[in-house]
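A.B. asks: Provide a 3D model corresponding to the input given below.
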Amino acid sequence: MAGTEYECKDCGRAFLVYEEKRVLICPSCDGENIALKPKKTLPQWIIDKNNSKPG
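C.D. replies: A predicted model of the protein is given here:
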């Protein structure tokens, strides 16, 4: 049940839309001016922490 993150261009709110629902309306302002929110890369310190071996 993965979702896709969208952003309302009217009020600026980010929200998830799950695959089975697929209703692209902002839950805050009921606006339909919706855009796919661009994905960001993880900060380098998180990548380094995940790649480090414990102990």
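A.B. asks: OK, contacts around the closest residue to residue 3 other than its chain neighbours?
C.D. replies: Distances taken as C-beta to C-beta, 6 or more residues apart in numbering place residue 16 nearest to residue 3, at 3.8 Å, with adjacent residues excluded. Yep, even glycine has a C-beta here, placed from its N, CA and C like the rest. Residue 16 makes contact with 3-6 under the criterion C-beta atoms under 8 Å, 6 or more residues apart in numbering.
A.B. asks: over to residue 32?
C.D. replies: Counting by C-beta under 8 Å, 6+ apart, residue 32 has contacts 24-26.
A.B. asks: how about it, secondary structure?
C.D. replies: coil (DSSP: H, G, I helix; E, B strand; the rest coil).
A.B. asks: how many residues are close by the nearest residue to residue 14 once chain neighbours are set aside?
C.D. replies: On the basis of C-beta to C-beta, 6+ apart, the spatially nearest residue to residue 14 that is not a chain neighbour turns out to be residue 7, at 4.8 Å. For residue 7, the tally of surrounding residues (other C-beta atoms under 10 Å) stands at 16.
A.B. asks: try residue 26
C.D. replies: 20.
A.B. asks: check it and give its pLDDT.
C.D. replies: At residue 26, the model reports a pLDDT of 90.
A.B. asks: confirm it sits in a helix?
C.D. replies: No. Counting by three-state DSSP, residue 26 is not found in a helix; it is coil.
A.B. asks: contacts only, for the spatially closest residue to it that is not a sequence neighbour.
C.D. replies: What sits nearest to residue 26 in space, not counting adjacent residues and going by C-beta to C-beta, 6+ apart, is residue 8, at 3.9 Å. By C-beta under 8 Å, 6+ apart, the residues touching residue 8 are 14-15, 26, 28-29, 31, 33-34.
A.B. asks: tell me which of those residues is nearest to residue 52?
C.D. replies: residue 14 (30.5 Å; C-beta to C-beta).
A.B. asks: you'd agree the closest one is up against residue 37?
C.D. replies: Yes. Using C-beta atoms under 8 Å, residue 14 is in contact with residue 37, at 5.6 Å.
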